[in-house]
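>>> Structure for the following, please:
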Amino acid sequence: MSEFRYKAFISYSHQDESWGRWVQRALEGYRVPRHLVGKKGAFGEVPKRLSPVFRDREDLSSAADLSGSIKQEMAQSETLVVICSPACAQSRWVDEEIRYFRSLGRGDRIHALIVAGEPDAEDPLVNCFPTALVTDNEGNTVEPLAADARKWADGKLLARLKLIAGILGIRLDDLRRRDMQRRHRLWMISSFGALTVAVVTSVLAIVAVTARNAAENRREHAEELVGYMVGDLRNKLATVGRLDILDSMGEQVTQYLDTLNPDEVTDESLNQQAKVWRQLGEVSKDQGKLDDALESFTKSRNVLAELYRRQPENTERLFELGQAEFWVGYVNFDMGDLARAEQSFSNYLDISNELLKLEPENPEWTMEVSYAIGNMGWMERYRQGSDSDKMLEYMQSSLDFNRKAVMLAPEREDFRVALTNAHADLADAYLKVCNLGEALINRQRNVDLAAEFFEANPANSNLKEDLAFAQFGLGNVQRQVGIVDQALANFESSRQLLDALYRQDQSNKNYLWNRELRKQRIAAIYSATGKQEQAQALFTELAASYRQIGLEETSKDLDSLEEYAVFLDEYSGLAYTRGDRLLAEALLAEELKWVNELITKSPEFAVSRQRLVYAAFQYWQQNKVLPGDGVMEKLEGYLTQPEEVRSCADADAAARLSLIRGNREQAQGYTSYLLNRGYFEPGFIQFCRKHKLCQQ
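Here you go, the predicted structure:
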């Protein structure tokens, strides 16, 4: 029979009363895994339960010393748990309780739970460790056993397990494995759908002793379930890429959360729910379900807006609201609603600037400003009639803020990874002003950095995808400057990386689409450089693959719609050159259909009319007349002022449009502009030579 009455004594400042209740429930409600019960731990046999737990409710504010009853309860407690916060660190009585417990010879059984503040901070208003916790009764410095419940550290779930493992005197991994298995069972239960959820909720209500306890049970269950999805499961799957698991589990979790009474859910639980909606939005987006993604992201934003309304002084709430605005803007952008996208991106920038204004040297907020400015740069890239210089200014500023964030927090790998993409965005901005040299330099830097991170962690699917996109971007610039062999090598390497990712997660349509897009670039180069047989084989293969992907899904975002139109144009041109007029005509008709849909979907999208130029030019080449059906009317006033045409892509399209309009002199002017800029893209050179617009 143990000499102790209590498994643990909880010591805390009464300003942390809610945390005291949480720790008591967390410990007493935990059932030790069967296979561990009875085994030898560091402090004896492992028990079935960690109850009872004593929570000090006595008000000592007017006392001169610890009461006899408190000392008696501490003497009968195996373990002391100290809830650490700035209020705790300044509490005389918490300090006294720690010293008394240590005097009982149980200094090795004192555990700290950090809930606010910072350990060992010089500022007493921030420090969360009481003096007695870090100094023994002889004045020697000691290292406390600590779990950190703050959400950016261990979080509640892991902190709970750390406390329990310490109290039992066993390894944390023994509990984590059991905890993972138990949560998988929770997911299986939740997968029965809303009916099962209703039953579970009803049972919780029936077995609860009081209505208050029932609400607490539901809150605990919701927070644990949601926390698992946005924490352990998301982090685990992010590195290996399994959208199908997140999709199936996430749907059932949201059904469960929808059954909760908002009045019975804590603010933190609502915050977790918002993160689940966001996560579901990310999954839907990666699967090509943009309508579902927008719905999920909008729900997330609405919840976070309400939370911020309740706590306008809370910077974390403001930060999360900014994230929500970004995702809503991102999906609206992909769906072609540039006006709504710009509004959300603008809101995101305003929020990020406000955060940085509050804390000018905060690296997190500095990075958010970098991201937000980059989004505004993307709007300038894609919007019809955009300002090229403004885009370049945005992207350079984004890169500068990214560098500052890295300087402020050099240990943050995610900031350094983001720097790779900042160079890619700056390269695209230089293409917007047809500065191919700077574009090439920044794209090469993008690849070098992406390769460095991937080689350090080759199992990480996110880093593998980053490298694949970096190589693709570099290949595109190399293709434009005529470094064909290197471009082909980068396209092939990028294709292989995406193929590996797709084989790993075949539910991710983005991997499949982008893998085929690399093959499309290779086929286009083959076609423009006289390797028609190789080009034909790849285009035939691509046509079958795109049918398999499902055009109704890939066409939902603007980039995919544009790229499919490019495929049809290039394949039609090859078929015509090879003498297959029927296939060329069919592909061209389909191209015109898709381009018209692109224009209808988003008339503001800059490449909409640019793609129509290529379709009109292809029609003119094959039929020796201009297309009808209002095609040329849609191009009226487009690319008519040479001084406004600055990007390489616009100048290429303008040369073709001028030629079919009968203005050969203007076509020659655009051709000279591009050649003087070092633009030797194989398709353009083929066009240039065929129509005798360039020397050689």
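>>> What values do phi and psi take at A121?
phi -70, psi 140 (degrees, to the nearest 10).
>>> Let me fix that, I meant to ask about F605.
Dihedral angles (degrees, to the nearest 10) for F605: phi -70, psi 120.
>>> for L50, same thing?
Taking degrees, to the nearest 10 as the convention, L50 sits at phi -110, psi 50.
>>> how many neighbours does it have?
Using other CB atoms under 10 Å, L50 is surrounded by 22 other residues. Any C-beta I mention is one placed from the backbone N, CA and C, and that applies to glycine too.
>>> list the contacts for it?
By CB atoms under 8 Å, 6 or more residues apart in numbering, L50 lies in contact with K7, A8, L27, E28, Y30, V32, I164, I167, L168.
>>> export those to TSV and tack on pLDDT?
Output for the contacts of L50, formatted as TSV (pLDDT from 0 to 100):
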residue	pLDDT
K7	89
A8	93
L27	91
E28	87
Y30	85
V32	86
I164	93
I167	93
L168	92
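>>> Need those residues in a markdown table (columns: secondary structure).
As requested, the contacts of L50 are exported to a markdown table (DSSP: H, G, I helix; E, B strand; the rest coil):
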| residue | secondary structure |
| --- | --- |
| K7 | coil |
| A8 | strand |
| L27 | helix |
| E28 | helix |
| Y30 | coil |
| V32 | coil |
| I164 | helix |
| I167 | helix |
| L168 | helix |
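>>> Let me know the closest of those residues to A500.
Among those, I164 lies closest to A500 (CB to CB), at 39.9 Å.
>>> Now that closest one: closest residue in space, sequence neighbours ignored.
Y30 (5.7 Å; CB to CB, 6 or more residues apart in numbering).
>>> isn't the one you found right next to R49, touching?
Yes. Y30 is within contact range of R49, at 7.4 Å (criterion: CB atoms under 8 Å).
>>> And these two? Which one has more around it.
Shown here are Y30 and R49; by other CB under 10 Å, Y30 has more neighbours (19 against 13).
>>> got the contact list for the more buried one?
By CB under 8 Å, 6+ apart, the contact set of Y30 is R49, L50, R160, I164.
>>> Go through those and name the one nearest E541.
Of the contacts of Y30, the one sitting nearest to E541 (CB to CB) turns out to be R160, at 53.3 Å.
>>> for the nearest residue to the closest one once chain neighbours are set aside, what are its contacts?
Among residues not flanking R160 along the chain, A26 sits closest, at 4.8 Å (CB to CB, 6+ apart). Contact partners of A26, counting by CB under 8 Å, 6+ apart, are K156, R160, L163.
>>> Output these in JSON lines; the columns should cover neighbour count.
Below are the contacts of A26 laid out as JSON lines (neighbours: other CB atoms under 10 Å):
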{"residue": "K156", "neighbour count": "21"}
{"residue": "R160", "neighbour count": "24"}
{"residue": "L163", "neighbour count": "26"}
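>>> Quick check: helices, which of the residues you listed are part of them?
K156, R160, L163 (DSSP state H).
>>> What is the nearest of the residues you listed to S602?
Distance to S602 across the ones in helices among the contacts of A26 (CB to CB) is lowest for K156, with 43.8 Å.
>>> From S91, how far out is that closest one?
22 Å (CB to CB, to the nearest Å).
>>> got the CA coordinates for the helix or strand hosting Q666 in CSV?
Assigned by DSSP states H and E, Q666 belongs to helix 664-676. The C-alpha coordinates for helix 664-676 follow below in CSV (Å, rounded to 0.1, in the frame of the first residue of the first chain):
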residue,chain,number,x,y,z
ARG,A,664,4.6,43.7,-91.2
GLU,A,665,6.7,46.8,-90.2
GLN,A,666,5.3,46.7,-86.7
ALA,A,667,5.9,42.9,-86.5
GLN,A,668,9.5,43.5,-87.5
GLY,A,669,9.8,46.1,-84.7
TYR,A,670,8.6,43.7,-82.0
THR,A,671,10.9,41.0,-83.4
SER,A,672,13.9,43.3,-83.2
TYR,A,673,13.0,44.3,-79.7
LEU,A,674,13.0,40.7,-78.6
LEU,A,675,16.2,39.7,-80.4
ASN,A,676,18.0,42.7,-78.9
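>>> outside of stretch 522-533, which residues touch it?
Residues contacting stretch 522-533 (CB under 8 Å, 6+ apart): 479, 484, 487-488, 491-492, 495, 534-535, 538-539, 542, 566, 570, 573-574, 577-578, 682-683, 685-686.
>>> can you tell me the average pLDDT over it?
The pLDDT scores in stretch 522-533 average 94.
>>> all numbers from here: first residue = 801
I'll keep to 801 as the first residue from here, and by that count the last item is stretch 1322-1333.
>>> Quote the end-to-end distance of that stretch.
With CA to CA, to the nearest Å as the measure, stretch 1322-1333 spans 13 Å from end to end.
>>> in it, what's buried?
I1322, A1323, A1324, I1325, Y1326, S1327, A1328, T1329 (16 or more other CB atoms under 10 Å).
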